[in-house]
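S.K.: model this:
(2 chains)
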Amino acid sequence: DTGVSQNPRHKITKRGQNVTFRCDPISEHNRLYWYRQTLGQGPEFLTYFQNEAQLEKSRLLSDRFSAERPKGSFSTLEIQRTEQGDSAMYLCASSLGLRTQYFGPGTRLTVL
Amino acid sequence: GQNIDQPTEMTATEGAIVQINCTYQTSGFNGLFWYQQHAGEAPTFLSYNVLDGLEEKGRFSSFLSRSKGYSYLLLKELQMKDSASYLCAVRDDQTGANNLFFGTGTRLTVIP
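M.R.: Modelled structure (predicted):
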């Protein structure tokens, strides 16, 4: 399967803990995006990379959130000092330039 | 800013045709996408329109009118497996990115 993959699929953590998610895009895709989706809502843009450069961050991305794509391939999204409001599905998508974005299966985060 | 509206829920009968509407307001329109999302799964790409008119792909068709800020997704010969959320997303190129801005999604229930 050469689609977008994300790990873990589910994460349960206690408030105040740090969590890190990983996304592996489709191999030839140079753009990688992170979205957050809560129940009954559409995905909301968080940030995106072109190769290894992080080019845009939404104002939804507080200082507790950081994302990296060190070699222009996989990406990580870290949330520090998690809060209950961070509970959501975190979706990763990739694209080749301005072409269609393809989504991974997501990581469902539950903060207790 | 971006504003995307679509109905929250729709119900249709197996074998019938259903049309899901989407209206949008955006500052830098550069294409409209429809995604299908089954509960707990990632959005999967259905269609893309950037010019006015109808794009047909098997049982699915999508229409765009840029002057009216309006699109619809038409699903023919409905099947039970078509029960899902349908997300309308507008690509805004004002920032130079390829960011998608999603509506809240239309939850379609197909009944026998």
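S.K.: for the rest of this, base every contact and every neighbour count on C-alpha atoms.
M.R.: Will do.
S.K.: distance check, A:Thr107 against chain B.
M.R.: A:Thr107 sits 10 Å away from chain B, going by C-alpha to the nearest C-alpha, to the nearest Å.
S.K.: can you pull out the low-pLDDT segments for chain B?
M.R.: B:1, B:95-97 (pLDDT under 70).
S.K.: if we use 80, what do you get?
M.R.: In the predicted model of chain B, residues B:1-2, B:93-98 satisfy pLDDT under 80.
S.K.: residues of it that sit close to chain A?
M.R.: Contact residues (C-alpha under 8 Å from any C-alpha of the partner chain) of chain B with chain A: B:41-45, B:87, B:97-105.
S.K.: count residues in the vicinity of residue 5, would you?
M.R.: Let's take chain A. 22 (other C-alpha atoms under 10 Å in any protein chain shown).
S.K.: correction: the question concerned chain B.
M.R.: Around B:Asp5 there are 18 other residues, counting by other C-alpha under 10 Å.
S.K.: host element of the residue nearest the centre of chain A?
M.R.: Geometric centre of chain A, nearest residue: A:Trp34, 3.6 Å, by C-alpha atoms, centre = their mean. Using DSSP states H and E, A:Trp34 falls within strand A:31-37.
S.K.: just checking, what packs against that strand?
M.R.: With contacts taken as 3 or more C-alpha pairs under 8 Å, 6 or more residues apart in numbering or on different chains; DSSP states H and E, strand A:31-37 sits against strand A:44-50, strand A:88-95.
S.K.: so which of those comes closest to A:Gly3?
M.R.: strand A:88-95 (9.3 Å; C-alpha to C-alpha).
S.K.: what's the angle from the strand holding A:Trp34 to strand A:44-50?
M.R.: 170 degrees (axes from the mean of the first three to the mean of the last three C-alpha atoms, to 10 degrees).
S.K.: list the buried ones in strand A:31-37?
M.R.: For strand A:31-37, a neighbour-count test (16 or more other C-alpha atoms under 10 Å in any protein chain shown) marks A:31-37 as buried.
S.K.: got it, and stretch A:66-75?
M.R.: A:67-69, A:72-75.
S.K.: narrow those to those in strands?
M.R.: Of the buried residues of stretch A:66-75, the ones assigned to strands by DSSP state E are A:67-68, A:75.
S.K.: so how far is B:Glu77 from B:Pro112?
M.R.: Between B:Pro112 and B:Glu77 the distance is 12 Å, computed by C-alpha to C-alpha, to the nearest Å.
S.K.: what are the pairing partners of the lowest-mean-pLDDT helix or strand in chain A, and which direction each?
M.R.: Using mean pLDDT, DSSP states H and E, the weakest-scoring helix or strand in chain A turns out to be strand A:53-57, at a mean of 89. Strand A:53-57 pairs in its sheet with strand A:44-50 (antiparallel), by DSSP bridges.
S.K.: quick check: which element contains the residue lying closest to B:Ser47 once chain neighbours are set aside?
M.R.: Distances taken as C-alpha to C-alpha, 6 or more residues apart in numbering or on different chains place B:Trp34 nearest to B:Ser47, at 5.3 Å, with adjacent residues excluded. Here B:Trp34, judged by DSSP H and E, is contained in strand B:29-37.
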